[in-house]
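A.B. asks: After the sequence you'll find the predicted model.
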Amino acid sequence: MKKISVSIIFLIFIFILYFIQVGVFSNFGLFGVMPNLFIILVLYIGLFTNSVNAICFGIIIGIFLDLLYGNTVGLSAVMFCIVGYIASYFDKNFSKENKVTILLMSIGATIIYEFGFYSLNGLILGYDFEWFKFIRIILFEIIYNSLITIILYPFIQKSGYKIDRIYKKNNILTRYF
């Protein structure tokens, strides 16, 4: 029952983040680049729940975004699915207790998402790769996502451990022994 209520909260968060990203961050874009709050959300879900949840929510978020303003349906879903799977890998192999580790995970997830999305979109739509533009987009999005991750870290850590206990049925410290 608790898992279902957490999943409903995640669905509500998807809509809240969409309105924040469209309403607030569209006015604060640097050189046409906005932060991608959904990468942080899928990373959060993958770190503190399980891989199935992260992949499912990654697909839901990706299809939702592709239907709203994507050129091809499914690319965002595939990339968010990959980010969710990698986040669950991070959960098993890295500590979530350090702010720097979470920050590096956010940077890695942003690079993986943007590189995969840009590459697949270029292959499907058949446009030439503009590497300077791509690197500029990734750098600004990394900066944005890093700042948001640093600001949200206390919330991520506190709520994440509560969700971790619900999904994994053990305490954080006993997992290492």
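C.D. replies: Thanks, I have it.
A.B. asks: The helix or strand containing Ile59: which residues count as buried?
C.D. replies: If you go by DSSP states H and E, Ile59 is part of helix 51-69. Under the neighbour-count criterion of 16 or more other Cβ atoms under 10 Å, helix 51-69 has 51, 53-66 buried. C-beta coordinates here come from the backbone N, C-alpha and C atoms, glycine included.
A.B. asks: After that helix, which helix or strand is next?
C.D. replies: Per DSSP H and E, the first helix or strand lying C-terminal to helix 51-69 is helix 75-93.
A.B. asks: Other residues contacting that following helix?
C.D. replies: The contact list for helix 75-93, computed with Cβ atoms under 8 Å, 6 or more residues apart in numbering, reads 38-39, 42-48, 50-51, 53-59, 61-63, 65-66, 70, 105, 108-109, 112-113, 116-117, 120-121, 124.
A.B. asks: let's see it at 7 Å
C.D. replies: Helix 75-93 has contacts (Cβ atoms under 7 Å, 6 or more residues apart in numbering) with 38-39, 42-43, 45-47, 50-51, 54-55, 57-59, 61-63, 65-66, 70, 105, 109, 112-113, 116-117, 120-121.
A.B. asks: between that helix and helix 51-69, how big is the angle?
C.D. replies: Interaxial angle, helix 75-93 versus helix 51-69 (axes from the mean of the first three to the mean of the last three Cα atoms, to 10 degrees): 150 degrees.
A.B. asks: Now helix 75-93: average pLDDT?
C.D. replies: Averaged across helix 75-93, pLDDT comes to 89.
A.B. asks: Which positions in the very next helix or strand once past it come out as buried?
C.D. replies: Sequence-wise, the next helix or strand downstream of helix 75-93 (DSSP H and E) is helix 99-125. Neighbour counts over helix 99-125 (16+ other Cβ under 10 Å) mark 102-103, 105-110, 113-114, 116-118, 120-121 as buried.
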